[in-house]
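Participant: The following block contains a protein sequence and its predicted model.
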Amino acid sequence: MSTTSRALVVVGVLVAVLAGTAFGGMWWFQQRLDENVERLGDPFAEISERPEPAQPSPTAEDELTDVNFLVLGSDSRISAGDPSQWEAGAQRTDAIMLVHLPADRENAVVISIPRDSWVEIPGHGHAKVNAAFSYGGPSLMIQTVEQLTDVRIDHFVVTDFDSFVNMTDALDGVRIRVPEDIGDGDDVFFSAGVHMMSGEEALAYTRQRYGLSNGDFGRVQRQQNWMRAILGKVNNNRRDPVKMTRFFETVSESVAADDELTIDRMQELFDQASEVSTNDVVFMTAPYEGTGRSADGQSIVVLDEDPLTRLMTAIGDGEAISFIEEHGEELELLPATVS
């Protein structure tokens, strides 16, 4: 499966947190899902210096706090979950997303961090951000992103990629609008219009390499567009027990999570975020200046420090939505229609 397609499976976690479920009272089903999720232990335990925990919002009920997830798409969630199988340099993460759920539980923000972003990795100097996972697994990845953003991560999730097509097909496909005829040199072609895409078609849509106006950054937006389509489909079908059973089983079989992200914690978040709809989720890419070359000749993404710092400060202060509303024109938000 391609690098781009691998990134798409991370939507399962976002859906599980935000979309809610019709199975809240079905204890046996929750337990089955919980058994399907691979457990990572406590990847936070060995990190000594961390950002301060979020404080309860004075406007939020029940003293709720912001919740931040670091979600990765990697080559193997099994190696990530079992330290005895870890081999330095053997695992790479092709998708890195910070998912922010504010204390009021009225919105959510999903920020893609380009995998080639040139950052400082504790103990290893500067490198592409996805190298942190290869060098030291979940703990070093969390430490690297926390150091980059100064945002405290509450939960960590990593996925494998075998279930991408099945997850899409569990919902009987997703609806995606293509604004104009577009194809590449590899016999991938989509005509203008709304397409109900199967898993294989969605895979081809996200793998398309040529003809996109913004290159690899355009492909990131296609990934996010697919996530938005999944959220919409789940929201529209949450009362369909057969379809939702298939979908949640597929999701649960596709992820590994820290031990604290239990089924009870997920259910708690389901209940708190039950009013969040597709339109309440903001998808964006971390601010960047463009591409460049490292001193040793690697092709890298150069992050834009000033807007990145201001955005992450707003997230840490619980003001992400108001910041995005005020500075949306300066940020790379996912548009209504993706090329």
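Facilitator: Now that the structure is in, tell me what you want to look at.
Participant: Make sure I have this right: residue 51 is in a helix.
Facilitator: No: assessed with DSSP: H, G, I helix; E, B strand; the rest coil, residue 51 is coil; it does not lie in a helix.
Participant: how about residue 39, what does it touch?
Facilitator: Counting by Cβ atoms under 8 Å, 6 or more residues apart in numbering, residue 39 touches 81, 256, 257, 258, 259. Every residue, glycine included, has its C-beta placed from N, CA and C.
Participant: 6 Å instead?
Facilitator: residue 259 (Cβ atoms under 6 Å, 6 or more residues apart in numbering).
Participant: Which strand residues bridge it?
Facilitator: Beta-bridge pairing for residue 39 (DSSP bridges): residue 257.
Participant: Point me to the helix or strand that includes the most centrally placed residue in the chain.
Facilitator: The residue lying closest to the centre of the chain (Cα atoms, centre = their mean) is residue 97, at 4.0 Å. Taking DSSP states H and E as the criterion, residue 97 maps to strand 93-101.
Participant: same for that strand, what does it pack against?
Facilitator: In terms of contacts (3 or more Cβ pairs under 6 Å, 6 or more residues apart in numbering; DSSP states H and E), strand 93-101 is packed against helix 3-8, strand 67-74, strand 108-112.
Participant: average model confidence for that strand?
Facilitator: Throughout strand 93-101, pLDDT has a mean value of 85.
Participant: That one pairs with which strands?
Facilitator: Sheet pairing for strand 93-101, assigned by DSSP bridges, gives strand 67-74 (antiparallel), strand 108-112 (antiparallel).
Participant: Show the subsequent helix or strand relative to the last one.
Facilitator: So that's strand 108-112. Counting by DSSP H and E, the next helix or strand C-terminal to strand 108-112 is strand 118-121.
Participant: average pLDDT for that next one?
Facilitator: If you average the pLDDT values across strand 118-121, you get 97.
Participant: Repeat that for stretch 178-198.
Facilitator: pLDDT averaged over stretch 178-198 gives 81.
Participant: ok, and for that stretch, which residues are buried?
Facilitator: For stretch 178-198, a neighbour-count test (16 or more other Cβ atoms under 10 Å) marks 178, 182, 188, 190, 195, 197 as buried.
Participant: rewinding a little: most neighbours per residue, which of the strands paired with strand 93-101?
Facilitator: Greatest average neighbour count among these goes to strand 67-74 (a mean of 26), per mean count of other Cβ atoms under 10 Å.
Participant: so which of the strands paired with strand 93-101 comes closest to residue 102?
Facilitator: Smallest distance to residue 102 across those (Cβ to Cβ): 7.5 Å, for strand 108-112.
Participant: Mind listing residues that contact the closest one?
Facilitator: 18, 97-101, 220, 281-286, 320.
Participant: swap in stretch 45-53?
Facilitator: Looking at stretch 45-53 with Cβ under 6 Å, 6+ apart, the contacting residues turn out to be 139, 143, 146, 150, 152.
Participant: so where's the stretch 201-339 of the chain uncertain?
Facilitator: Scanning the stretch 201-339 of the chain for pLDDT under 70 picks out 209-211, 213.
Participant: Can you show me the helices along it?
Facilitator: Secondary structure of the stretch 201-339 of the chain (DSSP state H, counting those that start in this stretch): helices at 215-237, 241-252, 263-272, 305-316, 320-327.
Participant: Could you check how many residues crowd around the closest residue to residue 334 other than its chain neighbours?
Facilitator: Nearest non-adjacent residue to residue 334, counting by Cβ to Cβ, 6 or more residues apart in numbering: residue 283, 3.8 Å away. Number of residues near residue 283 (other Cβ atoms under 10 Å) recorded here: 24.
Participant: roughly how far apart are residue 283 and residue 53?
Facilitator: Noted for residue 283: a distance of 26 Å to residue 53, by Cβ to Cβ, to the nearest Å.
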